[in-house]
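>>> when you get a sec, could you give me coordinates for this:
(one chain, ligands or ions: 3)
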Amino acid sequence: MQSSHVRKRMSVASLTDPQIIVPAVGSAFAKLDPRTLVKNPVMFVVEIVAALSTVFLLQDVLARDGQDLGFALQIVAWLWFTILFANFAEAVAEGRGKAQASTLRQTREETIAKLIVDEKTELTVPTPASKLGLGQIVLVEAGDLIPSDGEVVEGVASVNEAAVTGESAPVVREAGGDRSAVTGGTLVVSDWLKVRITAAPGTTFLDRMIRLVEAPSARRHPTKLRLTVLLAGLTLIFLIVVATIPSFASYAGGTIPLLVLAALFVALIPTTIGALLSAIGIAGMDRLVRFNVLAMSGRAVEAAGDVDTLLLDKTGTITLGNREAAEFIPMKGASEQELADAAQIASLADETPEGRSIVVLAKEKYGIRGRDIHELGATFIPFSAQTRMSGVDIGGSWIRKGAVDAVLVHLDASGTQGNRKKTTGLTEAGHEIDAIAESISKSGGTPLAVAKDGKLLGVIHLKDIVKGGIRERFAELRRMGIRTIMITGDNPMTAAAIAAEAGVDDFLAQATPEDKLKLIRAEQAKGKLVAMCGDGTNDAPALAQSDVGVAMNTGTQAAREAGNMVDLDSNPTKLIEIVEIGKQLLMTRGALTTFSIANDVAKYFAIIPAMFIALYPQLDALNVMGLATPQSAILSAIIFNALIIIALIPLALRGISYRPLGAAAVLRRNLLIYGLGGLIVPFIGIKLIDVLVTALHLA
Ligand SMILES: Nc1ncnc2c1ncn2[C@@H]1O[C@H](COP(=O)(O)OP(=O)(O)OP(=O)(O)O)[C@@H](O)[C@H]1O
Ligand SMILES: [K+]
Ligand SMILES: [Mg+2]
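Ligands and ions are numbered 1, 2, ... in the order given. So this is what the prediction gives:
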C-alpha cells in the first residue's frame, strides 16, 4: 500500500480524467482573483480589458436604447473565456500534484515516538511526533515508523523508504558518514536507531514534498527575463497599434466601437503563450517528480536545460559509498597484528562507515576484540574533511589514521618519521609507504596511513565500487555537450583510477569543501551553468552555490537542504534525465512562443482588412479570407484566440519530445513547424469559425 502513490506518479495528467478536470474548472474561476492573476502580466491585462468591457456593456444595457446587444455580449463572454481557459490550463497542470499530495498526507499519519529522556538508562517516554523538538533524541526499533526527519546518532538499521521514494527494497541507515539522514514517515524494518530530530514540526521532508506537489505555481520563479520582456513588449506594441486605429477610422469618416477595439487588442497580444507558460513550467516539475526527482523551484528545472558542467563527488555518488577496509598492509619492522590493533583502537569511536569497517576487519581477520573506548581512558579525535584524519590520544600516546599525505604532514609536525617536507626529501619509510599507497590507489582503492607515537605502522586498504552502468551514462552526457568533473577529498592517484573507470572528463583530487566551492565559482565566472551532485555535509556549500544542486536522498540532511533538487533514487546519472526534462521545458516554451507570435501576426492580417472594408473599399484585395462581415471577423478571431489555448493544453503538458540536436538545428526546426504552423492555422481556424458563426446567425 505504501508504494501505491508512487505508481500513481507514473500516470500523465490528462484532459480526460474527471478527477483532474472537474476541480480544475472550479479553480479556473478561483484564479480570476486579480491578486493571483497579476503574476501573469499578459492575462492580467486581458482581465483589465474584460472588466472594462463588462462595464461598458452594463452601461449600454442600462441605457436601454433598444440596440441589439447580442454581439457585444458574445465578445465580452469570450474575453472572460480567454482568461478562464488560461486559468484552466494552469489548474490542470497542478491537478495531478494535488491528487498526489492527498495520498502523501495519508502516509503522514501521526506517530507516537519513543523519546529518550535519560541517556544512561535509555528510558523512553511515548511522545506524539508533532510534539518533538529540535535536538531531541528518539529510539526507533524494528516495525516503528521514524517520527520525524533526523540524523542517526547511534546504531545501524535497514529502513523501508517506500513512503517517500516508492522503492520498497530497504536501505541501510547508520550513524556517521554520508548515510546518516533519516526521513520522517519511513519504516525501520530491522534493528534499531537512535535519531536526533533535525526538523521542527511542519517542516519535515514529507511536509515540504506535500507543499511542493500541491502548489507548484506558488513556487514558480519568474521565467527568464528575456521572455517576460518579449511578451510585455509585444503587449505594449499592440496597445499602441490598437490605440491608433480610431484616428485612421475617423480620418475615413467612420467610427469603431470600443468593444471591437478591445477584442482586437486581445486577439493580437500573445495570449496563447501567456496562458500556457505556467502550465508548461509546472508540467516540467511534474515530469521530474515522475522520475523521482523533487525540484524545489522552477528556476532549477530551467537551468537544468542549459547545464554546461556537471560536478560529482566521488564517494557515495560515483561509487557505492560503503568504503570498506579490505586489508592491513604493515611497513617493514611492524607486524600485521600491531597495525590491525592500532587501526582498531583508532577506529573504536569512529562512526563513519570506514571506521566501523576497520573495527570489523580487525575482529574478523585477526581476532582482535573490540574494546570499550571509555575503559581505555582515551580522547577520540573525529574525522573531518579538512584534516582528512581521525585518531585517538591515550595518555601521552597517540594514534592517527587518514589520507597518507595528511598523516605524513602530521608526523612532520610532531618532528618524527614522515619527513616528506624535510630538505633531505623522503625518508626510507616515506618511500615505502608511498609505494604501498600507490599500488592501492592504482586499483581505485583508498589508502589510509596509520601512525602511532611518531612511527608509521602501515596502510589500511579501503575498497569502494564504482556504481554499475555509470560509464555509458557519462558518455551520453558528453554527447549532450556536458563536461563531467569528479571532485573528491581522496588522493590524486585513487581519483585518477576511479575517474578512468567511471569515464568522467576530468577530476579534482584532495579537494576540501572550499575547493569544491571555488571550482564552481570559477566555472560560473566563465559564464557556465553548473550542476552538482553530492551527498555529504561537506558538499552542502557547493550544492547551494551551483545552479542545479542535486542532493542524493541517501545523503545527509545538510546536503538535502542545500540543493534545489533531491533525487529520491540517489542516482547521479539521473542528471541526464534532469537535463532532458529541462531542455524539453525550454523547447516547449520556445515552440509555443513562436506559435503564439506567428498566430498573432496571422490574426492581424485576417481581421484588419475585414474591419476596414466599409471604410476603405480598396482593402478588399487584402481580404483574402473573405470573412462574411466585419463583426463576424472580429468575433471569429476572438473565439479562435480562446479555443487555441484549450487546443494546446495537451502539448503544453506533454512537452515536445527532446532530441539531442544542436541548438541551431532545434531553432530551425521550431521556426519551421511552429512558425509556419502558427501562420497557417489561424487562417483556417478563423475561416471555419466565421462560416459557423454566420450559419448560426451569431454575428
Ligand atoms: N574515518 C576516516 N578516518 C580517517 N581518514 C578518513 C576517514 N574517512 C576518510 N578519510 C580520509 O580522508 C579523505 C577525504 O575524505 P572526504 O570525505 O573529504 O572525501 P572522500 O569521501 O574521499 O571523497 P568525496 O568528496 O568524493 O566524498 C579520504 O579520501 C580518506 O583518505
Ligand atoms: K492573442
Ligand atoms: Mg565523502
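
>>> residues from the protein in reach of ligand 3?
Residues of the chain found near ligand 3 (C-beta under 5 Å from the ion) are 315, 536. (Glycine included, C-beta is placed from N, CA and C.)

>>> and the longest strand for the chain?
The strand that spans the most residues within the chain, counting by DSSP state E, is strand 187-197.

>>> so for that strand, mean pLDDT?
What strand 187-197 shows for mean pLDDT is 94.

>>> hmm, who's touching the helix or strand that comes right after it?
Later in the chain than strand 187-197, the nearest helix or strand by DSSP states H and E is helix 205-214. The contact list for helix 205-214 (C-beta atoms under 8 Å, 6 or more residues apart in numbering) reads 97-98, 100-101, 104-105, 107-108, 149, 163-164, 183-185, 199, 219, 286, 289, 294-296, 560.

>>> for ChimeraX, write a command that selects the buried ones of the residues you listed.
To isolate the buried ones among these in ChimeraX, judged by 16 or more other C-beta atoms under 10 Å, type:
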select :97,98,100,101,104,107,108,149,163,164,183,184,185,199,219,286,289,294,295,296,560
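
>>> in the longest strand of the chain, what counts as buried?
Neighbour counts using 16+ other C-beta under 10 Å place 187, 188, 191, 192, 193, 194, 195, 196, 197 of strand 187-197 among the buried residues.

>>> also stretch 480-500?
482-491, 493-499.

>>> over to stretch 540-548?
By 16+ other C-beta under 10 Å, the buried positions in stretch 540-548 come out as 540, 541, 542, 543, 544, 545, 546, 547, 548.

>>> from the residues you listed, which land in strands?
Those of the buried residues of stretch 540-548 mapping onto strands are residue 548, per DSSP E.

>>> now render the buried residues of stretch 540-548 as a markdown table, adding pLDDT and distance to ligand 2.
Shown next, in a markdown table, are the buried residues of stretch 540-548 (pLDDT from 0 to 100; distance: C-beta to the ion, whole Å):
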| residue | pLDDT | distance to ligand 2 |
| --- | --- | --- |
| 540 | 88 | 46 |
| 541 | 90 | 46 |
| 542 | 90 | 44 |
| 543 | 92 | 41 |
| 544 | 92 | 41 |
| 545 | 93 | 41 |
| 546 | 94 | 38 |
| 547 | 93 | 33 |
| 548 | 95 | 33 |
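
>>> what's the closest of the buried residues of stretch 540-548 to residue 173?
Minimum distance to residue 173 across the buried residues of stretch 540-548 is 18.8 Å, recorded for residue 540 (C-beta to C-beta).

>>> that closest one reaches residue 549, doesn't it?
No. Using C-beta atoms under 8 Å, residue 540 is not in contact with residue 549, being 9.1 Å away.

>>> any residues in contact with both of those two?
534, 562.

>>> nearest residue to whatever residue of the stretch 101-250 of the chain ends up closest to ligand 2 other than its sequence neighbours?
With C-beta to the ion, the shortest gap between the stretch 101-250 of the chain and ligand 2 falls at residue 238, namely 8.7 Å. Nearest non-adjacent residue to residue 238, counting by C-beta to C-beta, 6 or more residues apart in numbering: residue 268, 4.3 Å away.

>>> quick one: residue 494 is in a helix?
Yes. Counting by DSSP: H, G, I helix; E, B strand; the rest coil, residue 494 falls inside a helix.

>>> does it touch residue 444 like I think?
Yes. Residue 494 lies in contact with residue 444 (C-beta under 8 Å); the separation is 6.3 Å.

>>> show me where pLDDT drops low in the stretch 201-350 of the chain?
By pLDDT under 70, the low-scoring segments of the stretch 201-350 of the chain are 215-224.

>>> where do the strands of it begin and end?
293-295, 309-313, 324-330 (DSSP state E, counting those that start in this stretch).

>>> now do the stretch 1-150 of the chain
Under DSSP E, counting those that start in this stretch, the stretch 1-150 of the chain gives strands at 112-118, 123-128, 137-141, 150-154.

>>> so which of these comes closest to ligand 1?
Among the strands of the stretch 1-150 of the chain, the nearest to ligand 1 by C-beta to the nearest ligand atom is strand 150-154 (15.9 Å).

>>> could you point out which element follows the closest one?
Once the chain leaves strand 150-154, the next helix or strand it forms, by DSSP H and E, is strand 156-160.

>>> what comes into contact with that next one?
Strand 156-160 has contacts (C-beta under 8 Å, 6+ apart) with 2, 140, 142, 146, 168, 170-175, 182, 186-193, 356.

>>> need the next SSE after it, C-terminal direction.
Using DSSP H and E, the next helix or strand after strand 156-160 towards the C-terminus is helix 162-165.

>>> for that following helix, which helices and strands make contact with it?
Here helix 162-165 touches helix 205-214, going by 3 or more C-beta pairs under 8 Å, 6 or more residues apart in numbering; DSSP states H and E.

>>> how about the helix it packs on, which residues are buried there?
205, 206, 207, 208, 209, 210, 212, 213, 214.

>>> now stretch 399-413
Those would be 399-412, for stretch 399-413 by 16+ other C-beta under 10 Å.

>>> quick check: the residue in the stretch 251-400 of the chain positioned nearest to ligand 2 vs residue 323, distance?
For the stretch 251-400 of the chain and ligand 2, the shortest gap (C-beta to the ion) falls at residue 271, measuring 3.7 Å. Distance of residue 271 to residue 323, computed by C-beta to C-beta, to the nearest Å: 57 Å.

>>> neighbour count winner among those two?
Counted by other C-beta atoms under 10 Å, residue 271 and residue 323 do not tie: residue 271 has more neighbours, with 27 against 23.

>>> does the single nearest residue of the chain relative to ligand 1 sit in a helix, a strand or a coil?
Proximity of the chain to ligand 1 (C-beta to the nearest ligand atom) peaks at residue 489, 2.5 Å away. Assigned state for residue 489: coil (three-state reduction, three-state DSSP).

>>> can you verify my assumption that it contacts residue 385?
Yes. Using C-beta under 8 Å, residue 489 makes contact with residue 385 at a distance of 5.6 Å.

>>> ok, back up a step: with only the CA atoms kept, save the longest strand of the chain in CSV.
Provided in CSV are the C-alpha atoms of strand 187-197 (Å, rounded to 0.1, in the frame of the first residue of the first chain):
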residue,chain,number,x,y,z
LEU,A,187,9.8,2.4,8.4
VAL,A,188,12.6,0.7,10.3
VAL,A,189,12.4,-3.0,9.2
SER,A,190,15.3,-4.4,11.3
ASP,A,191,17.5,-3.5,14.2
TRP,A,192,17.2,-0.1,15.8
LEU,A,193,18.4,3.5,15.6
LYS,A,194,18.9,6.5,17.9
VAL,A,195,17.8,9.5,15.9
ARG,A,196,18.4,13.2,16.7
ILE,A,197,15.4,15.2,15.5
